[in-house]
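Q: Sequence first, predicted model second:
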Amino acid sequence: RKEVEQDPGPFNVPEGATVAFNCTYSNSASQSFFWYRQDCRKEPKLLMSVYSSGNEDGRFTAQLNRASQYISLLIRDSKLSDSATYLCVVNPDDKIIFGKGTRLHILP
Amino acid sequence: ETGVTQSPTHLIKTRGQQVTLRCSSQSGHNTVSWYQQALGQGPQFIFQYYREEENGRGNFPPRFSGLQFPNYSSELNVNALELDDSALYLCASSPGGASYGYTFGSGTRLTVV
């Protein structure tokens, strides 16, 4: 089993729709969890941390399920500018593990 | 506030050569990590430095080595370059370790021919 797994997509979603990403991780000792977004040929940018109680930042909601070892990201009222690759990041022990990312295309 | 800067932006090397990539961390950040990103893949963790000590390493061979300096800037050295080392190399810094999340530089595109 890979350390961090994501659906590679692409997800093609009409503007205004809600889209959800899931990510599973294998190391139950993982302590920190994040979502990053990466635009084409750019560096990753931190979107949000993921906390055990779940957290929200505007149109974005992140959740963590430690028992099932997955994290999720929900984007509501999607915008054209949300088109990017979304990377799940897990921090087990002294490593930082990225998923391969899920590509999102928002369609006008 | 100055972000993370990397140099050079692009580099072409010959197989078997050695390369040094440089990174200046964001002001106030004492932790730096390095990643290799191949096209269409997520970044692969190489190693992390905290206060000049390596405190985490991914699955990369010993020919990938690094340094962190007292001003928290960092270098990535790769010896005996192979064609598969061609990738985008990303540096990222954090104010206190992985739990704070990282700020990334724009990367160095290395091509090995």
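A: Alright, I've got the coordinates.

Q: Tell me where chain A has strands.
A: Taking DSSP state E, the strands of chain A run over residues A:4-6, A:11-14, A:19-25, A:32-38, A:44-49, A:55-57, A:60-65, A:70-75, A:84-91, A:97-98, A:102-107.

Q: what are the pairing partners of the first one, and which direction each?
A: By that I understand strand A:4-6. strand A:19-25 (antiparallel) (DSSP bridges).

Q: what's the answer for the fourth one, then?
A: Strand pairing for strand A:32-38, determined by DSSP bridges: strand A:44-49 (antiparallel), strand A:84-91 (antiparallel).

Q: do the last one as well
A: In the sheet containing strand A:102-107, the strands it pairs with under DSSP bridges are strand A:11-14 (parallel), strand A:84-91 (antiparallel).

Q: most packed of the strands of chain A?
A: strand A:84-91 (a mean of 25; mean count of other CB atoms under 10 Å in any protein chain shown). Yep, even glycine has a C-beta here, placed from its N, CA and C like the rest.

Q: Can you name the residues in contact with it?
A: A:3-4, A:6, A:21, A:23, A:25, A:27, A:30-40, A:44, A:47, A:71, A:73, A:96-104, B:42-43, B:98-99 (CB atoms under 8 Å, 6 or more residues apart in numbering or on different chains).

Q: do the same with stretch B:3-15
A: B:19, B:21-26, B:29, B:81-83, B:89-93, B:103-113.

Q: For chain A, tell me which of those residues show up nearby.
A: Contacts with chain A within the contacts of stretch B:3-15, as defined by CB under 8 Å from any CB of the partner chain: B:90, B:103-107.

Q: Can you tell me which of those residues is closest to chain A?
A: residue B:104 (4.0 Å; CB to the nearest CB).

Q: Can you tell me the closest non-neighbouring residue to that closest one?
A: Spatial nearest neighbour of residue B:104, chain neighbours left out: residue A:43 (4.0 Å); criterion: CB to CB, 6 or more residues apart in numbering or on different chains.

Q: Stretch A:50-61 vs chain B: in contact?
A: No - applying CB under 8 Å from any CB, one finds stretch A:50-61 out of contact with chain B, separated by at least 10.4 Å.
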